[in-house]
Every structure is written in structure tokens, then in C-alpha cells.
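A.B. asks: Model the following, please.
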Amino acid sequence: MPASRWHRYAGTSTATKMRWALSVVICVLLTMPAASSAQDVTFGLRPPLNEHERAVLLAKGTPEELFNAGVAYENGRGASHNDTLAAQFYRAAAERGYARAQVNLGKLYSDGQDVSQDYAEVRSWFERAADQGSAEAQYGLGLLYFAKNSVPKDEAQALVWAPKVTEQGLPEAQSNVAFAT
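C.D. replies: Have a look, this model is predicted:
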């Protein structure tokens, strides 16, 4: 704050100073990028960078730790971007029943970047996560069954997932389901 304006601030009441400080904090918070809750890596996580650390984590890590390592490699946070390693960690967490990892692994197989595109794998992982109540997996299954270029098109099966997704309130799903039905 310039010295020419400091004298005006110094003479204000404590309540005014608190309102001013609060408005600064609010402005800072509003300008910060929003965190994507579905993909955020736990703060402080350092993904395993060498082969030994990866092997230990794959053998002894919790599903959450494995998932976070997968996200770190997929997004290049704390390590170089590597979808192959991301898939390895997602698979380990997914095999231990972690729905978020099952969804992310399905997405990697759907995109086919650094892992082979395989819609049977996509369906398998999305079904496992959908059975656990994952709205994102249910939505993905609906789209998968509705598309012509993936698994055999099955509009009846796609419409089975539509009400489940809309009940959970996934915004993009609600608009697409409304359009399709």
C-alpha cells in the first residue's frame, strides 16, 4: 500500500480493517483455480519415481495411494506424464475395488492413449464401478451402450442406466439423458 494512503488506513476502526482484510481474502479465493474433486491428488503425495518405489507401492499400497499415484502420472503432477504407469496404478487400485480407479482405468482404455483402446475393458471397469454406485461410470456405460462404434449398440441397456444417473444428479448426464429419451 503506498505511503500516501497508509494514513487513511491506520485511522480506521478495527471492524473496518477486518472487513477490508476479509474482502482481500475473498478476492484471493475467488481468483484461485477450482480443484476438480474427482481427479485431485492428495496434497503432499510424491508419486514413486523409481522402479523399486513403484514395486513397493503396487504390492503394499492402499487403493487410495495407488489411485493418487495413477492420477499423478496421468496428469504429470510430481512426475512426468505417463499413461502406461497411470494405468498400472489404476489397475492395482481397481482390482482392490476402488471405484474411482475403475472409472479412470476405463477412461484410459476408452481414449487409447499409451494403452490400447479396448471397449470390452472399458465396459468391464465401468460396470464394476457402476455396481458400486458411481454416477460417472453409470453415465459412461449409458454412452457406451448408446454409441455405434464401441460395444454392440444396445439402446435398451443404455436406458437402464439413464434413471440411475439422473437420480444421482450428474449435470452433463441429466441433459444428455433428457435429450436421448
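A.B. asks: what residue ranges in the protein are flagged as low confidence?
C.D. replies: For the chain, the stretches with pLDDT under 70 are 1-46, 148-166, 169-181.
A.B. asks: quick one, helices of it?
C.D. replies: All helices of the chain, identified by DSSP state H, fall at 3-10, 14-31, 51-60, 63-75, 83-95, 99-111, 119-131, 135-146, 155-168, 171-180.
A.B. asks: Report all helices and strands that the fourth one contacts.
C.D. replies: The one in question is helix 63-75. Contacts defined by 3 or more Cβ pairs under 8 Å, 6 or more residues apart in numbering; DSSP states H and E place helix 63-75 against helix 51-60, helix 83-95, helix 99-111. From N, CA and C alone the C-beta is placed, and that goes for glycine too.
A.B. asks: got the contact list for the last one?
C.D. replies: To tie it back to what came earlier, the one meant is helix 99-111. 38-39, 63, 66-67, 70-71, 74, 83, 86-87, 89-94, 114-119, 121-126, 128-129, 132-134, 136-137, 140, 144, 150 (Cβ atoms under 8 Å, 6 or more residues apart in numbering).
A.B. asks: Quick one: work out the angle between it and helix 83-95.
C.D. replies: 140 degrees (axes from the mean of the first three to the mean of the last three Cα atoms, to 10 degrees).
A.B. asks: in helix 99-111, what counts as buried?
C.D. replies: Within helix 99-111, the residues that count as buried by 16 or more other Cβ atoms under 10 Å are 99-110.
A.B. asks: if we can go back for a sec, can you redo the helices and strands packed on helix 63-75 as TSV with distance to residue 168?
C.D. replies: Output for the helices and strands packed on helix 63-75, formatted as TSV (distance: least, Cβ to Cβ, whole Å):
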stretch	distance to residue 168
helix 51-60	31
helix 83-95	20
helix 99-111	13
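A.B. asks: And residue 75, how far from residue 109?
C.D. replies: Distance from residue 75 to residue 109, counting by Cβ to Cβ, to the nearest Å: 17 Å.
A.B. asks: Kindly tell me how buried residue 96 is, as a neighbour count.
C.D. replies: 14 (other Cβ atoms under 10 Å).
A.B. asks: Leaving out the residues flanking it, which one is nearest to it?
C.D. replies: Among residues not flanking residue 96 along the chain, residue 63 sits closest, at 4.5 Å (Cβ to Cβ, 6 or more residues apart in numbering).
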